[in-house]
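sequence plus the predicted model coming up.
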Amino acid sequence: MNHLTVNGSGADGGSAPLSRTLLAPPARPAEWLADGVRALAPVSVVVAAVGWGPQAAGVMALTVPAVLLPRAVAARPWFDILAVTVILVAAWSNVLGLYESVRGWDLVVHAVCTGVLAALTYLVLARSGVVPAPRRPGVARRTPIVIVIALGLALSALWEILEWVGTLVAPDIYVTYRDTIGDMAAGGLGAVVAGIVTATVRLQRDQERPPRPISPRGPRR
């Protein structure tokens, strides 16, 4: 006998719009904690401006829209906090010069940050109905893996293009071919891990309740 499926999320039209989840008030202590960590982004802009100048403030300002993405896709608190922390660490590492002073740190950040951003981008696209949502009936498990990897490689390429543009306006920026390929390889590796996680782990709050089968005869009384 066929069953109807009640599905409250995903790219099938059941999920709340990005704007609604972005503006929704936190409902649990963990969500309040995530918003508290998120509030560090605008605070960081002010701290960077006072302590390191306008260029550092500009770098930190890029984190403000980025840290809103987990909230917009209704990320589960643990993933929300992880994503926001990674974004802030990546930006502060630039301001503090850690990419130059700590050997291999840039590769670590490229891998982790690219993976997180690729997963978030995929969830934004899925919630907007552009691509299939993960962990939904009829969606192959390999689908989010392939899409997240592609998004990660695209984001890595975009970042390297921006670095190249930076060399045109700031002569002190020096990027070698080896550095470029290394960064893209690290980003691709991070995207592979993120794709597997996205396909196997629930990253959104509205994925926490699995689809509930209901008989066409209706619920029992």
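Happy to help now that I have it.

what residues does stretch 20-29 touch?
Residues outside stretch 20-29 that contact it (Cβ atoms under 8 Å, 6 or more residues apart in numbering) are 16, 32, 34-35, 68, 71-74, 77, 127. (Glycine included, C-beta is placed from N, CA and C.)

buried ones among those?
34-35, 71-74, 77, 127 (16 or more other Cβ atoms under 10 Å).

Ala83 - that's part of a strand, no?
No - counting by DSSP: H, G, I helix; E, B strand; the rest coil, Ala83 is not part of a strand but helix.

report the contact partners of it.
Residues touching Ala83, when contacts are defined by Cβ under 8 Å, 6+ apart, comprise 67, 69-70, 75, 116, 120.

so which helix or strand takes in Val47?
helix 40-52 (DSSP states H and E).

and that helix, average pLDDT?
Here the mean pLDDT over helix 40-52 is 97, rounded to a whole number.

one step back: and which of the contacts of Ala83 is nearest Trp92?
Val67 (12.8 Å; Cβ to Cβ).

and the contacts of stretch 84-98?
Outside stretch 84-98, the residues that reach it (Cβ under 8 Å, 6+ apart) are 34, 37-38, 40-41, 44, 48, 52, 56, 59-60, 62-63, 66-67, 70, 99, 105, 109, 112-113, 116-117.

any idea how far that stretch is from the chain center?
In terms of Cα atoms, centre = their mean, to the nearest Å, the gap separating the centre of stretch 84-98 from the centre of its chain is 15 Å.

great, nothing more from me.
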